[in-house]
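**Q** okay, structure incoming, though there's no sequence with it:
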């Protein structure tokens, strides 16, 4: 059996690191958290090596892979630095602010022979896997339209999520959750032309949107609509409309916990149904997939080319 992959966190004080990813690493037999670097001095519990600088963590020989939950505008610098240090990189979404930056990050990791993956956990939840299996089996016929919504109230207007210099805005923060399902359900593949897009944003300040809504048209004939926002009550929905039925998820659609297992199916003929997936911890499943890729047991389910294309779409 392989030894657990030894992890470090660049930005150990980040809420997502302490609340979700660090516990996911701790829960897995395939991973072990050995180091954290934090400018604020806050670290996940139980970590052995605590560094004040990110450079010191990257110089630590015990660390094989790093998780980067820094603000969006800092991703490129530290992904490239981690690659240069020979560390595999799981980088928080969005991978980059622009497609050009994502390409540079992917190239740096390829040149260094390390794995790069965007930390997009939703596809690893069993409910998400069931949804895509239902679509692949043609359970609702030909996909005609997909609609997605993700919003929450961001009360602190000084939050880094609204700082243009740090890659702020609701579309960058939440866009992957809303746009990737549109791409997948439409049958879009990396390398295909991006869909036609029309969109409108309401701005907190230039280059940092409070709300964005839009419409996409795909070569397949399918269409999609999306909505991201920092000014609405908590909202997460996904609906796929097909020629023979409708699939809908409307409870923690993108941030599901282990017990979120329900998908509503409204068939073209017959009564509505509730389909249930297995339970599963999506952050742990994401971490374990990344460990499997590092140790040669799996190929990347979502390679950097998809992240680059999504950055281009955003």
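**A** Looks like it arrived, so ask away. What you see is a predicted model; the values in this text were computed from it and never measured. Residues are numbered from 1 along each chain as shown.

**Q** any idea which element residue 148 lies in?
**A** Of the helices and strands defined by DSSP states H and E, residue 148 is found in strand 143-151.

**Q** go on, residue 306?
**A** Going by DSSP H and E, residue 306 is in helix 304-313.

**Q** where in this protein is pLDDT low?
**A** 1 (pLDDT under 70).

**Q** who touches stretch 148-166?
**A** The contact list for stretch 148-166 (CB atoms under 8 Å, 6 or more residues apart in numbering) reads 71-74, 168-170, 173-174, 177-179, 181-182, 204-208, 210-211, 224-239, 253-254. (Each C-beta comes from the backbone N, C-alpha and C, glycine too.)

**Q** now, of the residues you listed, which are buried?
**A** 71-74, 168-170, 173-174, 177-179, 181-182, 204, 208, 210-211, 224-230, 232, 236-239, 253-254 (16 or more other CB atoms under 10 Å).

**Q** strands paired with the strand holding residue 148, and their directions?
**A** strand 223-229 (parallel), strand 235-242 (antiparallel) (DSSP bridges).

**Q** format the ones you listed as TSV; extra columns: distance to residue 35.
**A** Shown next, in TSV, are those (distance: least, CB to CB, whole Å):
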stretch	distance to residue 35
strand 223-229	34
strand 235-242	33
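
**Q** figure out which of those strands is closest to residue 106.
**A** Proximity to residue 106 (CB to CB) singles out strand 223-229 among the strands paired with strand 143-151, at 24.4 Å.

**Q** just the element for residue 22, please.
**A** Using DSSP H and E, residue 22 falls within helix 22-27.

**Q** how far off centre is that helix?
**A** From the chain centre to the centre of helix 22-27 is a distance of 17 Å (CA atoms, centre = their mean, to the nearest Å).

**Q** just stretch 33-49 next, same as before
**A** Chain-centre distance of stretch 33-49: 23 Å, with CA atoms, centre = their mean.

**Q** just the terminal-to-terminal distance for it.
**A** 9 Å (CA to CA, to the nearest Å).

**Q** which residues sit against it?
**A** 6-13, 17-18, 22, 25-26, 50-54, 56-57, 60, 62-63.

**Q** how about stretch 83-91?
**A** 5, 8, 58-59, 63-68, 75, 79, 82, 105, 108-109, 111-119, 286-287, 290, 294.
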